[in-house]
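Chemist: One predicted model, sequence on top.
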Amino acid sequence: MTEAAPQPQPAMDAAKYRGATVEDLDLAPALSITPATPIATALAMSYDRDYSQLTVVSSTTRSLLGYLSVPKLKTLLASGGVTENDTAAKAMSRFERRKGLASVYKVITPNTPLEELEAFLVREEFAVVTDERRRFVLGVATRGDLEEFVKRRPK
């Protein structure tokens, strides 16, 4: 039996971030669409801002419903799974809201320490930054945002 190569662990060094929080990343505002947004419109919006993930929010309450992954969307378009005339609802990934499960959704806010965000991003491709009650989408954070923060931070 062959042993799997050990996965690199993130540097959970508190000194690296020195008490910084998600707010210190100075993230661009999230680009949110509704489930009714046509796929062609969503793609154009993502290309305009060079975003690979678009948050999907309710058109009435603006609460977070899920996200649209642009790479996944391109694959669906190429395979004929969706067309540019379909709506985002057909291609979006929904966040599950099951009652009774401890950590279905990890709340990441502007006050979340960067060490906590880094630990989350070990398992996930990106983090949606919301207010404490998840009523408003504020931004999207990635591993690249953390790397850029460390590079520009004075030592």
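Modeler: Okay, I see it. Computed from a predicted model, the values in this text were never measured in an experiment. Numbers count the residues shown, from 1 in each chain.
Chemist: what about the strands in this structure?
Modeler: 32-33, 53-57, 64-69, 93-94, 126-130, 137-142 (DSSP state E).
Chemist: which residues make contact with the lowest-mean-pLDDT helix or strand in the chain from outside it?
Modeler: None of the helices or strands of the chain scores lower by mean pLDDT, DSSP states H and E than helix 14-17, at a mean of 76. By C-beta atoms under 8 Å, 6 or more residues apart in numbering, the residues outside helix 14-17 that reach it are 113-115, 118, 149-150. Yep, even glycine has a C-beta here, placed from its N, CA and C like the rest.
Chemist: Off-centre distance for it?
Modeler: Distance of helix 14-17 from the chain centroid (C-alpha atoms, centre = their mean, to the nearest Å) equals 23 Å.
Chemist: now stretch 116-127
Modeler: The answer for stretch 116-127 is 9 Å, by C-alpha atoms, centre = their mean.
Chemist: show me where pLDDT drops low in the chain?
Modeler: Applying pLDDT under 70 to the chain picks out residues 1-14, 96-105, 155.
Chemist: what about residue 16, distance to residue 118?
Modeler: Using C-beta to C-beta, to the nearest Å, residue 16 is found at 9 Å from residue 118.
Chemist: Between the two, point out the one with more neighbours.
Modeler: Taking neighbours as other C-beta atoms under 10 Å, residue 16 and residue 118 compare with residue 118 leading, 20 against 16.
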